[in-house]
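Colleague: Need coordinates for the following:
(chains A and B)
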Amino acid sequence: AAGVIQSPRHLIKEKRETATLKCYPIPRHDTVYWYQQGPGQDPQFLISFYEKMQSDKGSIPDRFSAQQFSDYHSELNMSSLELGDSALYFCASSFRGLAGDLSGNTIYFGEGSWLTVV
Amino acid sequence: AQKITQTQPGMFVQEKEAVTLDCTYDTSDPSYGLFWYKQPSSGEMIFLIYQGSYDQQNATEGRYSLNFQKARKSANLVISASQLGDSAMYFCAMRAPFGKGTKLTVNP
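Modeller: Down below sits the predicted model:
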C-alpha cells in the first residue's frame, strides 16, 4: 500500500540558507501534519492542514511556513536556517473526512527528511 | 491543551517476557484518541495501536495491547512475548503532542 512520501530524504544546508521539504500524503488522505524531531528529542508538532487550510498550529518558528496544495501535497519552507534547525522532519497524513472528527483516524508517518544545517 | 506524560525514560525486559510502558494524558476534549508509535534506531515512526476515548474495549493488535483506564487518564502499552526487534523508542501520543518516549531494550 502507498505510504506517505517525503522528499528529499537527506538535505545539507548552510546557515542562513533556505530549504524546502515536500510531503505527499497517502492517497485520499485530506490532512497533513508536520513534526520536527531534534536529536534525542521527542517529535514536536509544527503545523497541520485539513483540506488545504491550516487547521492547527504548534511550535512552528516564524522563519518557517507551510502550505497544502490542491493535490493535497504539502511543502514546508524554512528560511534563515540556524544550526538548531538540524533535525528529522516528519510529515504525516490522515483521513478526517467531512465530519471533521479529530478523535480517530490513525496518523501515518513518512520516513522523514533529515536536515543538517552546517 | 493536551498533554502526554511518559515517566519511564528507559526500560529493560528479557526476551519472551511481557513489558508495560506507561502513558498518562490530560485533555479537556470529550472525544479523543491515543496512539502508540515505535521508532527504531533507523528513525522511521511506526504506528502500533490506537485507542478511542469512547471505545468499549481495550485495543489489541497482535502482541500489542493497550490498558486503557479512562478515569485515571492512562493508556499503557503492553507488549507480550518481547522480541529482540522490539528494542526501540516508544512514543505515546494524541493528535498533536507526543510524550517524551520510553527507550525499550530487550535482552536476549
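Colleague: Residue B:56: how many residues sit nearby?
Modeller: The burial metric for residue B:56, expressed as a neighbour count using other C-beta atoms under 10 Å in any protein chain shown, is 5. Yep, even glycine has a C-beta here, placed from its N, CA and C like the rest.
Colleague: So what sits opposite residue B:92 in the bridge?
Modeller: Here residue B:92 sits in beta bridges with residue B:36, going by DSSP bridges.
Colleague: So it sits against residue B:74, correct?
Modeller: No - with contacts counted by C-beta atoms under 8 Å, residue B:92 stays clear of residue B:74, the gap being 9.8 Å.
Colleague: shared neighbours of the two, anything?
Modeller: When C-beta atoms under 8 Å, 6 or more residues apart in numbering or on different chains defines a contact, the residues bordering residue B:92 and residue B:74 alike are B:23, B:25.
Colleague: which of these two has more neighbours?
Modeller: Neighbour totals were compared for residue B:92 and residue B:74, and residue B:92 leads with 29 against 17 (other C-beta under 10 Å).
Colleague: Could you report the pLDDT at that one?
Modeller: At residue B:92, the model reports a pLDDT of 94.
Colleague: ok, now the one 3 residues further on?
Modeller: The confidence metric pLDDT takes the value 73 at residue B:95.
Colleague: ok, it - how many residues close by?
Modeller: The number of residues packed around residue B:95, counting by other C-beta under 10 Å, is 23.
Colleague: Let me see the ranges of the strands in the chain.
Modeller: Let's take chain A. Counting by DSSP state E, chain A forms strands over residues A:5-7, A:10-13, A:19-24, A:31-37, A:44-50, A:53-57, A:64-68, A:74-78, A:87-94, A:108-109, A:113-117, given from the N-terminal end onward.
Colleague: other chain: chain B
Modeller: Shown for chain B, the strands assigned by DSSP E span residues B:3-5, B:10-14, B:19-21, B:24-26, B:33-39, B:46-52, B:60-61, B:64-69, B:74-79, B:88-93, B:102-107.
Colleague: Which of these sits closest to residue A:111?
Modeller: If you check each of the strands of chain B against residue A:111 by C-beta to C-beta, strand B:46-52 wins as the nearest, at 10.3 Å.
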